[in-house]
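A.B. asks: Coordinates only, no sequence provided:
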Ligand code: AMP
Ligand code: ZN
């Protein structure tokens with residue numbers, strides 16, 4: 001498996017860990033687009049939201065819960081944005097499902 005995020009979750013590529021549990025790993029984005037920019041990924045290799053199946057429903061809910069929990073711990077009390085880019089048109093560049101948690105400044109809308 002040559003997936004960079006699988007290697008990050010396995011500790012084979014260094015990252016700044018923010019949160020981890022049996023199914024989920026969260027780490028600082030290497031090229032932050034906001035003062036707080038954290039990526040939340042499943043340990044299981046899922047290419048994108050396009051590829052999810054019925055048995056991923058609980059995991060997807062858990063990933064969202066983790067994002068909200070991290071936001072609370074990071075004291076993003078004024079708000080934040082969660083983004084999931086899916087596939088080519090969605091602007092996804094790393095083919096391992098991930099949530100972007102961004103905050104610490106007002107976010108513009110639409111993102112483009
Ligand atoms: P996306 O365009 O939604 O696929 O987002 C991929 C994100 O992964 C980008 O925000 C990158 O900055 C980030 N990224 C790529 N490689 C690494 C890495 N080694 N460590 C942390 N973040 C990374
Ligand atoms: Zn992967």
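C.D. replies: Right, received. Where do you want to start? Being a predicted model, the structure only gives us computed values, none of them experimental. Ligands and ions are numbered 1, 2, ... in the order given.
A.B. asks: Quick check, pLDDT for residue 60.
C.D. replies: Here the pLDDT value assigned to residue 60 is 98.
A.B. asks: What about it? Give its phi and psi, please.
C.D. replies: Residue 60 has phi and psi values of phi -60, psi -40 when expressed as degrees, to the nearest 10.
A.B. asks: Equivalent analysis for residue 32, please.
C.D. replies: phi -60, psi 140.
A.B. asks: And the helices in this structure?
C.D. replies: Counting by DSSP state H, the chain has these helices, from start to end: 4-9, 57-73.
A.B. asks: Nearest to residue 32, out of these?
C.D. replies: helix 57-73 (14.3 Å; C-beta to C-beta). (Glycine included, C-beta is placed from N, CA and C.)
A.B. asks: Point out the one among the helices of the chain that comes closest to ligand 2.
C.D. replies: helix 4-9 (3.4 Å; C-beta to the ion).
A.B. asks: and the closest one, what does it pack onto?
C.D. replies: Under the contact definition 3 or more C-beta pairs under 8 Å, 6 or more residues apart in numbering; DSSP states H and E, helix 4-9 sits against strand 24-28, strand 36-42.
A.B. asks: hang on, the earlier thing: and the helices of the chain: which comes nearest residue 46?
C.D. replies: helix 57-73 (8.3 Å).
A.B. asks: List the buried residues for the closest one?
C.D. replies: Using 16 or more other C-beta atoms under 10 Å as the burial criterion, the residues of helix 57-73 that qualify are 59, 60, 62, 63, 66, 67, 70, 71.
A.B. asks: Let's have those in a markdown table, adding distance to ligand 2.
C.D. replies: A markdown table is the format used below for the buried residues of helix 57-73 (distance: C-beta to the ion, whole Å):
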| residue | distance to ligand 2 |
| --- | --- |
| 59 | 14 |
| 60 | 16 |
| 62 | 17 |
| 63 | 14 |
| 66 | 17 |
| 67 | 18 |
| 70 | 20 |
| 71 | 24 |
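A.B. asks: Between all of those, which two are separated the most?
C.D. replies: 59 and 71 (18.9 Å).
A.B. asks: List, one by one, the residues from the chain near ligand 1.
C.D. replies: Within the chain, the positions near ligand 1 by C-beta under 6 Å from any ligand atom are 4, 13, 15, 29, 30, 31, 39, 85, 91, 92, 93, 94.
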